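In: the sequence isn't on hand, but the structure is:
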C-alpha cells in the first residue's frame, strides 16, 4: 500500500479584467487556474519538474515517473509525500540507474517528455475489456460534469477512467499530459486497474497513446483528434483508438471491436 500526505491549496484565483466591445468597456471578474511548479524526486534523487494544477499530486508524481521510465508497474510505489517546498517525494522499490534518455514530445512548450525506451520493443498484452455505447455516453457526460474548473477557467484539461460500469477517477490539469499522468498514477497506486477505458479532452499524440498502451489500457478516447504517430502506436499495441468522442457519436480509428453498440 502506498501512503500519501497532501496540503490543501487553492486551484483558482480571481482577477478583474476589462472587457472591450464596440459599445464600450466594462469590468468583469474572471477565474484563473493556478499553475504551480513542482519537482519530482524518486528515493530522494531529483528526477525532473513540471508546472501542475496542484491537485492529484500523488498520482501525478507516480505517473510522471512512469513516463520517464523509472516506474514500470503497480506495486513498485511504496510512499508518496507532497512537501510544502513544492516537491513530490516518491519512494519506490526500484533502483535508480543513469538518467533516462528522453524524447521531447508535442506538448506545448516541451511539457511532454517520455523515455526513449518506451518506444522500443513489443507491447505486453492489453487488459482486455469492452464498453457499450450507453456507457460511453455516461462516461463522457460524467467526466465533463465532474468539476466546475473547466467552465470556470476555460484553461483546464480533464481525464477520466471508466471501469466496472462507472466513472472511477477523474483528474484535471493545465496540461493534457499531466491529466493523463494522474490517471496512470492512480493505476500505479492501486486505485484502479488498467482494465477499462480512458477519456481525455486533449489530443491523442504519440506520447499520450504510448503511455496508455504501455500501462495496458485497451480503450483510449479523446474529445479531439489523434496524430499520425498516435494512430501508429495504437495499431502496434492493438489499442482501440477513438476520437471526436461525444455522448452521441464516436470516430473509431483502430480496433472497433471493443465498442459494443
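Out: Cool, got the structure. Note that the structure is predicted; figures quoted are calculated from it, not measured.
In: in this protein, where is pLDDT below threshold?
Out: 1-9, 97-115 (pLDDT under 70).
In: so which strand or helix has the residue nearest in space to the middle of it?
Out: With distances taken as C-alpha atoms, centre = their mean, residue 180 lies nearest the centre of the chain, 0.7 Å away. Using DSSP states H and E, residue 180 maps to helix 176-188.
In: distance from that helix to the middle of the chain?
Out: Between the centre of helix 176-188 and the centre of its host chain there is 4 Å, according to C-alpha atoms, centre = their mean, to the nearest Å.
In: doesn't residue 200 make contact with the residue nearest to the centre of the chain?
Out: Yes: here residue 180 reaches residue 200: they are 5.8 Å apart, a contact under C-beta atoms under 8 Å. C-betas here are computed from N, CA, C, even on glycine.
In: what touches both of those two?
Out: Among the neighbours of residue 180, those also in contact with residue 200 (C-beta atoms under 8 Å, 6 or more residues apart in numbering) are 159, 208.
In: strands along the stretch 1-150 of the chain, start to end?
Out: For the stretch 1-150 of the chain, the strands defined by DSSP state E, counting those that start in this stretch cover 3-5, 12-21, 24-33, 36-42, 45-52, 77-83, 87-92, 102-104, 113-115, 131-132.
In: dump the ones you listed to a markdown table, plus distance to residue 221 and mean neighbour count.
Out: Formatted as a markdown table, the strands of the stretch 1-150 of the chain follow (distance: least, C-beta to C-beta, whole Å; neighbours: other C-beta atoms under 10 Å):
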| stretch | distance to residue 221 | mean neighbour count |
| --- | --- | --- |
| strand 3-5 | 28 | 13 |
| strand 12-21 | 27 | 10 |
| strand 24-33 | 23 | 12 |
| strand 36-42 | 27 | 18 |
| strand 45-52 | 23 | 17 |
| strand 77-83 | 26 | 19 |
| strand 87-92 | 28 | 21 |
| strand 102-104 | 24 | 14 |
| strand 113-115 | 20 | 20 |
| strand 131-132 | 9 | 16 |
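In: tabulate those in CSV, adding columns for distance to residue 65.
Out: Output for the strands of the stretch 1-150 of the chain, formatted as CSV (distance: least, C-beta to C-beta, whole Å):
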stretch, distance to residue 65
strand 3-5, 14
strand 12-21, 28
strand 24-33, 24
strand 36-42, 6
strand 45-52, 6
strand 77-83, 8
strand 87-92, 6
strand 102-104, 12
strand 113-115, 10
strand 131-132, 28
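In: figure out which of those is closest to residue 259.
Out: Proximity to residue 259 (C-beta to C-beta) singles out strand 131-132 among these, at 6.4 Å.
In: now residue 210: closest residue in space that isn't a chain neighbour?
Out: Residue nearest to residue 210 in three dimensions, not counting chain neighbours: residue 233, with 5.1 Å by C-beta to C-beta, 6 or more residues apart in numbering.
In: let me redo that: residue 10
Out: Here the residue nearest residue 10, using C-beta to C-beta, 6+ apart, is residue 34, at 5.9 Å.
In: list the contacts for that neighbour?
Out: Taking C-beta under 8 Å, 6+ apart as the test, what residue 34 contacts is 9, 10, 11, 12, 13, 53, 54.
In: how about residue 159?
Out: Counting by C-beta under 8 Å, 6+ apart, residue 159 touches 143, 170-173, 176, 179-180, 182-183, 198-202.
In: again with residue 141
Out: Contacts of residue 141 (C-beta under 8 Å, 6+ apart): residue 247.
In: let me know the secondary structure of the residue nearest to residue 210.
Out: Residue 233 falls in the helix class when you classify it by DSSP: H, G, I helix; E, B strand; the rest coil.
In: that one: neighbouring residues, count only.
Out: When counting by other C-beta atoms under 10 Å, one arrives at 29 neighbours for residue 233.
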